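Visitor: could you work out the structure for the sequence below:
(3 chains)
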Amino acid sequence: MWLRNCWYVIAWGHEIPPAKSSELFTRTVLNEPVLVYRTAAGAIVALEDRCCHRHAPLSKGRREGDCVRCGYHGLKFDPAGACVEAPGIPIVPAKARVRSYPVVQKNNWVFIWMGDPAKADPALLPDNFSCESPQWKHKPGYLHYDTPYLLICDNLLDFSHLSYVHEKTLGGSTEIAQARPTIAPVPGATADWPQIGIRVSRHVPNVPPPPFYRRFRDFDTHLDRWFDYEFLLPGTLLMHSGGRPTGTTPDDGGPSVRLHSCQTLTPETEHSTHYFFQQSHPSDEGDDSVTDSIFNSLLVAFNEDRDMISAQYRTIALNPGLPMLPLAMDAALIQFRRLLEGRVKAEQAAACASASVPASTHR
Amino acid sequence: MWLRNCWYVIAWGHEIPPAKSSELFTRTVLNEPVLVYRTAAGAIVALEDRCCHRHAPLSKGRREGDCVRCGYHGLKFDPAGACVEAPGIPIVPAKARVRSYPVVQKNNWVFIWMGDPAKADPALLPDNFSCESPQWKHKPGYLHYDTPYLLICDNLLDFSHLSYVHEKTLGGSTEIAQARPTIAPVPGATADWPQIGIRVSRHVPNVPPPPFYRRFRDFDTHLDRWFDYEFLLPGTLLMHSGGRPTGTTPDDGGPSVRLHSCQTLTPETEHSTHYFFQQSHPSDEGDDSVTDSIFNSLLVAFNEDRDMISAQYRTIALNPGLPMLPLAMDAALIQFRRLLEGRVKAEQAAACASASVPASTHR
Amino acid sequence: MWLRNCWYVIAWGHEIPPAKSSELFTRTVLNEPVLVYRTAAGAIVALEDRCCHRHAPLSKGRREGDCVRCGYHGLKFDPAGACVEAPGIPIVPAKARVRSYPVVQKNNWVFIWMGDPAKADPALLPDNFSCESPQWKHKPGYLHYDTPYLLICDNLLDFSHLSYVHEKTLGGSTEIAQARPTIAPVPGATADWPQIGIRVSRHVPNVPPPPFYRRFRDFDTHLDRWFDYEFLLPGTLLMHSGGRPTGTTPDDGGPSVRLHSCQTLTPETEHSTHYFFQQSHPSDEGDDSVTDSIFNSLLVAFNEDRDMISAQYRTIALNPGLPMLPLAMDAALIQFRRLLEGRVKAEQAAACASASVPASTHR
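Guide: Numbers count the residues shown, from 1 in each chain, chains lettered A, B, ... in the order given. Okay, here's the model as predicted:
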């Protein structure tokens, strides 16, 4: 169940080599192999990493200027995916081309549009401002999951797990699980997108500072903590979170923690997922050691998640048809799954109605 | 083809940690993950190792008194499998529970009943007396097989393989294969169980002592050897075996070998199996070095079996539909497979007839 | 899509141990496990490596004279595949036999006939003369592929890949890809085999010596290169290739390179392949260091192929139904696939029409 007409993150900007590099970057998204590179003029190109001729990966070939030549029989493709040279063939047939995907870099995330290129709209990109901002500092993170992406969406849509999975890292208190979050739709900006995600706010008053906070700031009091985030289609979390001494306000100027996090999930295959993430602190609060400390804590915690979700997936795989038991804490994830399912069905119906928008195949 | 209304061994008693331990023991049986632990009062508990909420394994959580708390979202289950606490949910729904299995420890084997709990009857437990007896000594063994359990049942039901697979260990003579065993049904004690297994007796007169015997006892003569065993549903072997100088009787008091062995097979998945085994000698015959020697010989021999059966399974997998050729030596294994098949069919028919006894799903 | 009534190479002659060895050689061909050994009289025997009784591999048993005894329950088979002894069974049933395959060694290749034995005709063996000839020298090679065999046939039927896959080894010039080969059918010798393969000739005038040539001979001029080969059913390449200074003729006696190569592909399973190969030089041109140099170059180059074809296969596996785009350079491989497909269909039709020639099962 994948949405195609939407932006997925395929890479951090710095993962794509510069134009003059001979390295070819490849990553599979929605089961499609994709080659990503930069032109001399600085544009980013995303091509199907599969030669139209015999399906060899273009990433086993080489850059030639802004083009890529297949390393098997030498077909050469331009940034639009057209084959511009086939050795020994004077007139290259027009059908000789690979798919070219709309791609855009925003705040150091490289987004790819896997659906109908005509529908690709940069206005639909999420506001991942803290990924590249003078006001915010972070170290970028990436994890690979051998589980379906929806299990990780579930995890991010229900922070009650912080009390248990992250008891000794991000959590620190069972009050997080006991707090009832408010949940609301995130409306889209256009009629075509009446809803683009779920807004979740979880405020947890008067709890001990989490072990994670203690690694970069001393607190001698309990804190009021907050987690305010949007979880947007297809799988992006944008979150303000933090904590301040219980009963204080921002104006008190006490030793608070304020963080902004951008995290996003991109399906690799039906059974594996790319996870891009960062958690930023204000540039004027804390030096590099704070940046490092936040990153290291996050990495430990996200490995706790991956460990749990991988175990969950192995158990599911023993009996995939067995129903789960919905509970109150699942409200956000159920709403998100319903939203996603509705959009996927609409997209597939539209694709069936129109021969011009193939949803699952191409060319 | 698994029987459900019967006792399977899930563990040696000493594998289940004491109540005060924080370790959680888990093992998959008939494709179902099971958590096994001891209460403070000493009872053994077997719960489905899969939280009813999102299917995380409970074994990734923690003990809290006699209860277990899921490590994902904090649901807490009592020894009966009922969820007694769900963070943030004042009234836990009655449907929030995991399956609890009848479980009983007898002579250091922990048995689990995978079918209808109402049918679980301790009178059906096999008489594995030598697993825990002042009269008998052994070291306990466990092997994991990556093959279906019926291939190992086949092996145990036809000892002609001793002459070939175990030529240099348990066998030592082709006469074992040439001896014709007597085969008889083992009747059950109740009308519901007219037959519970197969009795096999193989007596082999006047053969050299097997290499295995020579490791703990000197013989300067040929032996009369005997193997008298029952192979009981679902896959338990209980055997008296031994050898004494040819022509002597027990009353002669010569240097005989007398052993009792308990071995049992528990399907893990369709393609893998747990194997629990021991071979005991009388406590008053031989010291610890004899116990060790018997155990080590058995381990070498059972690795010979596993090596052969794994190779057999790989060959079968190349062409699974190809029929085998039944021969006279297969009499016992054919009777056992027929007995098992009959009971499985009867059980499935009964389950279909009654909504109260689901055979292959639960809850 | 496998042809069965044809000769496949199962081994190099020297891979099959001598009669007095206790080693049992086994290799899977067309998904069938095969045991190959030599009798005391020097004949080669190929038996199904799967005991008819319980499907244990005979190769886990042992040689007994010219027979093989199964290591599981002791059945003994003669070189014709008949069971001549079954322990404890006075009269062995006639059905107790394993398949025996026609097998013949020619020029150090051991060929096996996987189809109807009555059709096995040594006249159909390819002329692999340079595999064993006083006029030619080589070191024999073997590679295992985890890809279907047809992808490797494709590779051998289109040498345009030399310019790209082997740019730094066998190739050295894009002119190879640009040269247009001549392609012609190879007729068979009998009415039953109107065509047995494809003849491909590729002549490339006035190109730099390839890096591969330079390792054993100095050239200070450009070369005229030639590749003249037959690619025969089911997958055997027989090739004369070489190069001489541009504009010279054989009579000029200049520093030419002349090679003869025999290469053959044998499907192991649907997804894996055996590759036997050698490239020979005339015995009177070059010493052992030349033989070594040619072998080492070939091994490097064939690993380049395997690397590319394995990558191609992984990409294909992501979307197996996606069509490829035929181009002019595919003429030979398309003709070969068509030839093969036609013969396989004819063979299957004949097998259906006649109960005496089962194509995909046996016994």
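Visitor: up against chain B, what does chain A have?
Guide: A:154, A:158, A:160-161, A:163-165, A:174, A:177-180, A:307-308, A:311-312, A:314-316, A:318-319, A:322, A:324-325, A:327-330 (C-beta under 8 Å from any C-beta of the partner chain). Using the backbone N, CA and C atoms, a C-beta is placed for each residue, glycine as well.
Visitor: okay, now the domains of chain A?
Guide: Annotated domains of chain A cover A:7-119, A:127-347 [automatic domain parsing].
Visitor: give me the low-pLDDT residue ranges for the stretch 251-363 of chain A?
Guide: Counting by pLDDT under 70, the ranges of the stretch 251-363 of chain A that qualify are A:355-363.
Visitor: what ranges do the helices span in it?
Guide: Under the criterion DSSP state H, counting those that start in this stretch, helices of the stretch 251-363 of chain A are mapped to A:288-318, A:331-353.
Visitor: what about the one residue in chain A that gets nearest to chain C, how many residues nearby?
Guide: Nearest residue of chain A to chain C: A:Pro87, at 3.7 Å (C-beta to the nearest C-beta). A:Pro87 has 22 neighbours, counted by other C-beta atoms under 10 Å in any protein chain shown.
Visitor: wait, what's in contact with it?
Guide: Residues in contact with A:Pro87 (C-beta atoms under 8 Å, 6 or more residues apart in numbering or on different chains) are A:His73, A:Gly74, A:Leu75, C:Ser160, C:Ser163, C:Thr174, C:Ala177, C:Gln178, C:Met329.
Visitor: ok, now A:Gln279?
Guide: A:Gln279 sits next to A:His138, A:Leu259, A:His260, A:Ser261, A:Ile294, A:Phe295, A:Leu298 when contact means C-beta under 8 Å, 6+ apart.
Visitor: go with 6 Å
Guide: A:Gln279 makes contact with A:Leu259, A:Ser261, A:Ile294, A:Leu298, according to C-beta atoms under 6 Å, 6 or more residues apart in numbering or on different chains.
Visitor: likewise A:Thr169?
Guide: A:Pro211, A:Phe212, A:Val300, A:Ala301 are the contacts of A:Thr169 under C-beta under 6 Å, 6+ apart.
Visitor: buried only: go through the residues you listed for me.
Guide: Neighbour counting by 16 or more other C-beta atoms under 10 Å in any protein chain shown classes A:Pro211, A:Phe212, A:Ala301 among these as buried.
Visitor: re the thing from before, which stretch among the domains of chain A comes nearest C:Pro18?
Guide: In terms of C-beta to C-beta, the element of the domains of chain A nearest to C:Pro18 is domain A:7-119, at 42.5 Å.
Visitor: can you report phi and psi for A:Ser283?
Guide: Taking degrees, to the nearest 10, you get phi -60, psi -30 for the backbone angles of A:Ser283.
Visitor: ok, A:Ala94 next?
Guide: According to degrees, to the nearest 10, A:Ala94 has phi -60, psi -30.
Visitor: one more: the one 3 residues further on?
Guide: The main-chain torsion angles of A:Arg97 are listed as degrees, to the nearest 10 and equal phi -160, psi 160.
Visitor: mind listing what it touches?
Guide: By C-beta under 6 Å, 6+ apart, the contact set of A:Arg97 is A:Gly81, A:Ala82, A:Cys83.
Visitor: now render the residues you listed as CSV, adding secondary structure.
Guide: Below are the contacts of A:Arg97 laid out as CSV (DSSP: H, G, I helix; E, B strand; the rest coil):
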residue, secondary structure
A:Gly81, coil
A:Ala82, strand
A:Cys83, strand
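Visitor: of these, select the buried ones using a ChimeraX command.
Guide: The buried residues among these can be selected in ChimeraX (16+ other C-beta under 10 Å) with this line:
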select /A:81,83
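Visitor: how about the contacts of A:Arg97 in CSV, adding pLDDT?
Guide: Formatted as CSV, the contacts of A:Arg97 follow (pLDDT from 0 to 100):
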residue, pLDDT
A:Gly81, 98
A:Ala82, 98
A:Cys83, 98
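Visitor: re the thing from before, pick the one among the contacts of A:Gln279 closest to chain B.
Guide: The nearest member of these to chain B, counting by C-beta to the nearest C-beta, is A:Leu298 at 18.9 Å.
Visitor: okay, now that closest one: neighbour count?
Guide: Close neighbours of A:Leu298, defined as other C-beta under 10 Å, add up to 22.
Visitor: for it, which non-adjacent residue is closest in space?
Guide: Of all residues not flanking A:Leu298 in the chain, A:Gln279 sits nearest, at 5.2 Å (C-beta to C-beta, 6 or more residues apart in numbering or on different chains).
Visitor: what bridges to that neighbour?
Guide: As for beta bridges, A:Gln279 partners with A:Ser261 under DSSP bridges.
Visitor: from the stretch 101-250 of chain A, which residue is nearest to chain B?
Guide: Counting by C-beta to the nearest C-beta, the stretch 101-250 of chain A gets nearest chain B through A:Ala177, at 3.7 Å.
Visitor: so which elements touch whichever strand or helix holds that residue?
Guide: Here A:Ala177, judged by DSSP states H and E, is contained in helix A:175-178. Contacts defined by 3 or more C-beta pairs under 6 Å, 6 or more residues apart in numbering or on different chains; DSSP states H and E place helix A:175-178 against strand A:195-207.
Visitor: wait, a strand at A:Val68?
Guide: Yes: counting by three-state DSSP, A:Val68 is located in a strand.
Visitor: A:Gly197: neighbouring residues, count only.
Guide: Neighbour count of A:Gly197, defined by other C-beta under 10 Å: 27.
Visitor: let me fix that, I meant to ask about A:Ala179.
Guide: 21.
Visitor: now do the strands in the stretch 1-150 of chain A.
Guide: A:7-12, A:25-29, A:32-38, A:44-48, A:62-64, A:67-69, A:76-77, A:83-85, A:100-101, A:103-106, A:109-113, A:136-137, A:141-145 (DSSP state E, counting those that start in this stretch).
Visitor: which one, of those, ends up nearest to B:Asp127?
Guide: Across those, closest to B:Asp127 is strand A:141-145 (C-beta to C-beta), at 49.2 Å.
Visitor: helices and strands around that closest one, which ones?
Guide: strand A:272-282.
Visitor: give the contact list for A:Gly65.
Guide: Per C-beta under 6 Å, 6+ apart, neighbours of A:Gly65: none.
Visitor: so what's it scoring on pLDDT?
Guide: On pLDDT, A:Gly65 comes in at 96.
Visitor: next, it: phi, psi?
Guide: The phi/psi pair for A:Gly65 (degrees, to the nearest 10) is phi 60, psi -130.
Visitor: could you check how far it is from A:Cys51?
Guide: 18 Å (C-beta to C-beta, to the nearest Å).
Visitor: and A:Leu233, by the same measure?
Guide: A:Leu233 is 32 Å from A:Cys51, by C-beta to C-beta.
Visitor: neighbour-wise, which of the two wins?
Guide: Here A:Leu233 and A:Cys51 are set side by side on neighbour count (other C-beta under 10 Å), and the busier one is A:Cys51, at 28 against 24.
Visitor: tell me which helix or strand A:Leu151 sits in.
Guide: Going by DSSP H and E, A:Leu151 is in helix A:149-157.
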